[in-house]
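Colleague: All I have is the shape, not the residue letters:
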C-alpha cells in the first residue's frame, strides 16, 4: 500500500500527524521490539493508546504548556511514547544522550530548566539520580524500570503508574488543540565540540517543514517499509529520520538491542530504509575489504572484478551478463548482511567520501547523502534518490534557500530554521543574521544547484606559508583506506601537515601475518617502524592528487581509537578536534622536530 505522503503539508503539529496516520492505519505495525529473540509488532492503535494515556497522566500530574521534560533512554518503543506524550500536551521534550556523564546531564537539565525526566533503568537511572542530586528543577523521574536501591527517592515513579492516572479525553484534546506549528517542540543540545552545549529551539513547524521534503526524495514510501533505529535518538538526524518521519508517514520502526548488536539485528529485522552516519559506513566497508584480503586468490579476483564492472557506465551484453552473475556471488552476500531488503540508506552528520559511497552503490545499496545542522531540524539539502551526485550533498530541501557568502560560508533560510538558542541571545544573534542561518561550514554550489561542503569555517588550517587547508578534505581521503580507521590532521601555522593515525587493527594484523612478521601483540605491531613506513607509503599515494600543501609528511600511530568515553568523540562520532589536540599536543609537536 502506498501512502498519501503529500498530506504532511497540512498538519499543524507532530502529534496530529501521528494521530491522522493511526486513524487510517491503526492495525498496521508502527514499531517492532525484540522479545525472546524475535521481533514482535506494536500497532499504530496500540502506540497511540499508550501515548494518550501517558499524556493524560502528565496533565493530571499538573504539567503545563511549555514545561521542559527530558528523555534519557536507549532506543526503544517507550522513547516514542514519552516524546509524543510530552508534545501532545504542549510541553517541550529535551533529549539526553545515553553517553552523557552525570555532569553532562546535570548541565543540560539545569540549563533547560527541565522539571521531569523519562528514563529507563540500570546504569542510566543511576547516573541520572546522581546528576539531579541537589538540582532544584527536576521534580519527577518516570522510569520504565525502577532500581531497588533508588526506590526510596521521592522523585522516582514507575512510568506505568503515570499511564494509569487518567483524565477525560476532552482535556487532552483541548491541550492538543493549542499546539500549532509555532509551538516550541524540543530543545536539541549541540554536541559541544568547542564549548558547553547550546539548546537549539525547534518548533513543530521547523520539523514538519523537514518532513515535507521526504516525498521528493523517496517517492515510493509504502506500508511494507521498515526502518532500523540504532543511532542516538537525542541527535536531530536520527530523531527526525527514524522517529518523526516513520510515525508521520505510516511506516514502521524496529529497534536495535544495542549499538554492538546492529549487525545481528539487521539480519533479524530486515529493514528497507536506514539512517546511517559516514563513520559506520566507513567501518563496514573497511571490514568487508579486510575480510576479502584474507580470502583465496580466486575469491579476491571475483570480488574486484565485480567492483570494476559495477563502476563501468556502459556495459555491453556480455559485461552485463558477467556483472549479474558476479552480483549473485558478491553483491547479494553484502546485501544479506543488511537483511536482504534494504533499498536505500540515508547518510548525514558528517561528509561521506566518494569512495565509500561508490562502494555501497556497487553493492546495490544506494546511499542518499544529505546535509544539515541541529539548527535546521536538521535538513538543509539532500540528494534525490533518482538523481544522486556522489560527492555532493544534493540540492536545497523543499522550502529552504541556500546561499554562499563571500568568504565561502554556507548560509540558509526557511521555515525549518530554529528561532534561536535557548537563553543565549548573543549566540542567536551571531548565528542568525538578517534571517540567514550562518552554518559555519564552507562550500560551493554547482551550475545545477548541487551543494558541495568542503570544510568547517573554524577548523580551517592556515599553514606557515599562508595556504588555507580544509582538514576534513584530507582526513576523508585517509579514512577511505581500509587500513586506516581514524585520522586527524594538524598543522596550523606549521610548514607542513602531520597526522594522528589509528590503523585498522584487523586489517593491519592480517597484513603483518601475510608479511611473515613475528607473532606479537597489536601494540608491538602498531609501534613498529615497518607498519609506519607501509602506511606512510599508502598515505602518500592516496594524497598524491591533492595540492602539495595538503600532503601529510609525518604521522604518529595510535593503537586505540578515539572514544566518546574519553571525551574525544561527540555522541555522533565526530572527532573533538581541539580536545584531541590538547591530549596529544606534545606528540603532534614532536613530529616537527
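Modeller: Noted; the coordinates are in hand. Since this is a predicted model, take the numbers as computed values, not measurements.
Colleague: what about stretch 429-440, start to end distance?
Modeller: 14 Å (C-alpha to C-alpha, to the nearest Å).
Colleague: Can you give me the buried ones in stretch 402-414?
Modeller: 402, 409-414 (16 or more other C-beta atoms under 10 Å). To be clear about C-beta, it is placed using only N, CA and C from the backbone, and glycine gets the same treatment.
Colleague: what about stretch 31-41, average pLDDT?
Modeller: For stretch 31-41, mean pLDDT rounds to 93.
Colleague: Can you show me the helices along the stretch 51-200 of the chain?
Modeller: 77-88, 102-112, 122-131, 159-164, 169-177 (DSSP state H, counting those that start in this stretch).
Colleague: so of those, which one's packed in deepest?
Modeller: helix 77-88 (a mean of 26; mean count of other C-beta atoms under 10 Å).
Colleague: before we move on, the earlier item: figure out which of the helices of the stretch 51-200 of the chain is closest to residue 185.
Modeller: Comparing the helices of the stretch 51-200 of the chain against residue 185 with C-beta to C-beta, the closest turns out to be helix 77-88 (5.9 Å).
Colleague: quick check: angle from that closest one to helix 169-177?
Modeller: 80 degrees (axes from the mean of the first three to the mean of the last three C-alpha atoms, to 10 degrees).
Colleague: other SSEs contacting helix 77-88?
Modeller: With contacts taken as 3 or more C-beta pairs under 8 Å, 6 or more residues apart in numbering; DSSP states H and E, helix 77-88 sits against helix 14-25, strand 29-35, helix 44-60, strand 68-72, strand 92-95, helix 169-177.
Colleague: hang on, the earlier thing: taking the buried residues of stretch 402-414, tell me the two that lie furthest apart.
Modeller: Every pair in these was compared (C-beta to C-beta); the two farthest apart turn out to be 409 and 414, at 16.8 Å.
Colleague: Provide a list of residues in contact with residue 104.
Modeller: Residues near residue 104 by C-beta atoms under 8 Å, 6 or more residues apart in numbering: 97, 197.
Colleague: Please list the members of the buried residues of stretch 402-414 that lie in strands.
Modeller: When the buried residues of stretch 402-414 are checked against strands (DSSP state E), the matches are 402, 409-414.
Colleague: and the helix or strand where residue 288 lies, how far from the chain's centre?
Modeller: In the assignment (DSSP states H and E), residue 288 maps to helix 278-293. In terms of C-alpha atoms, centre = their mean, to the nearest Å, the centre of helix 278-293 is set 18 Å apart from its chain centre.
Colleague: Check stretch 78-94 too.
Modeller: 21 Å.
Colleague: low-scoring stretches of the stretch 451-593 of the chain, by residue?
Modeller: 466 (pLDDT under 70).
Colleague: Strand partners (parallel or antiparallel) of the longest strand seen in the chain?
Modeller: When the chain is parsed with DSSP E, its longest strand is strand 436-445. Counting by DSSP bridges, the strands paired with strand 436-445 are strand 409-414 (antiparallel), strand 432-433 (antiparallel), strand 451-456 (antiparallel).
Colleague: Could you dump these into JSON lines and include distance to residue 215?
Modeller: Shown next, in JSON lines, are the strands paired with strand 436-445 (distance: least, C-beta to C-beta, whole Å):
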{"stretch": "strand 409-414", "distance to residue 215": "17"}
{"stretch": "strand 432-433", "distance to residue 215": "28"}
{"stretch": "strand 451-456", "distance to residue 215": "20"}
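Colleague: Now do the contacts for residue 457.
Modeller: Neighbours of residue 457 in contact, by C-beta under 8 Å, 6+ apart: 407-409, 440-442.
Colleague: wait, which of the residues you listed is closest to residue 222?
Modeller: Nearest to residue 222 among those, with distances taken as C-beta to C-beta, is residue 441, at 34.5 Å.
Colleague: Now do the closest residue to that closest one other than its chain neighbours against residue 452, distance only.
Modeller: Spatial nearest neighbour of residue 441, excluding adjacent residues (C-beta to C-beta, 6 or more residues apart in numbering): residue 410 at 4.8 Å. As for residue 410, its distance to residue 452 is 10 Å (criterion: C-beta to C-beta, to the nearest Å).
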